[in-house]
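> turn this into a model:
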Amino acid sequence: MNRRIMRAMSSAAIAVIWFAECVSAAGSSRYPYVPRQSKVAACAHAGPAIALPAAFPTQFPFPRGTIINHTKPLLKRQIGIYGFVPSRNFTSTVTFFRREVVRAGFALIGFEVDSPNDSEGTYRGYGKVGRWQLRSLPGCAAAMAFSASSEPAR
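Have a look, this model is predicted:
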């Protein structure tokens, strides 16, 4: 084969591989929830980790070590999850969610920070819409309370 055709085929192959990697990376979180790896500071009094409910988007990112220890149905077709996230400090934990929710493929619809105690965000993606909240824990600088909701997007 002539060199031009070989270069064109080579370039096309690289483009296809790059595109496939981008597509496979989209829709997956770099920080999935892994209950068996859950570990937060004892001061959080977290209890055992449970699996995410099927109605909650698996693409949602969680800091490594997150413990989800309670879920409950909310209004209509909403689901709520509750637990704790490991935290080095308020700012880095808030920044994690703001950055990683978008990286995981969600649209960030709203975001609010009430330093140094509370942060909330609203997301949309993968056919879901929901909110998350972080709250500092008095007497426990190494963890934060976490809650989130999810419902089918309209």
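> average model confidence for the longest strand seen in the chain?
Secondary structure of the chain read by DSSP state E shows that its longest strand is strand 140-152. Confidence for strand 140-152, expressed as mean pLDDT, is 97.
> run the chain-centre distance for that strand.
Centre-to-centre, strand 140-152 and its host chain are 11 Å apart (C-alpha atoms, centre = their mean, to the nearest Å).
> only alpha carbons, please: show it as PDB.
Taking Å, rounded to 0.1, in the frame of the first residue of the first chain, the C-alpha atoms of strand 140-152 are listed here in PDB:
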ATOM      1  CA  CYS A 140     -15.900  15.400  64.000                       C
ATOM      2  CA  ALA A 141     -13.500  17.200  61.600                       C
ATOM      3  CA  ALA A 142     -12.700  14.000  59.600                       C
ATOM      4  CA  ALA A 143     -16.200  13.400  58.200                       C
ATOM      5  CA  MET A 144     -19.300  15.200  56.900                       C
ATOM      6  CA  ALA A 145     -22.900  14.100  56.900                       C
ATOM      7  CA  PHE A 146     -24.100  13.500  53.300                       C
ATOM      8  CA  SER A 147     -27.600  13.200  51.900                       C
ATOM      9  CA  ALA A 148     -28.900  13.100  48.300                       C
ATOM     10  CA  SER A 149     -32.100  12.600  46.400                       C
ATOM     11  CA  SER A 150     -33.000  11.400  43.000                       C
ATOM     12  CA  GLU A 151     -36.100  11.200  40.900                       C
ATOM     13  CA  PRO A 152     -36.900  10.600  37.200                       C
END
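> in the chain, which spans are strands?
67-73, 79-86, 107-114, 118-125, 128-137, 140-152.
> okay if I get those strands as CSV plus mean neighbour count and distance to V40?
No exception for glycine: its C-beta is placed from N, CA and C like everyone else's. Supplementary listing: these in CSV, determined by neighbours: other C-beta atoms under 10 Å; distance: least, C-beta to C-beta, whole Å:
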stretch, mean neighbour count, distance to V40
strand 67-73, 17, 5
strand 79-86, 21, 5
strand 107-114, 12, 21
strand 118-125, 19, 17
strand 128-137, 19, 10
strand 140-152, 19, 4
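> you'd agree Y82 is up against H70?
Yes. Under the criterion of C-beta atoms under 8 Å, Y82 makes contact with H70 at 4.3 Å.
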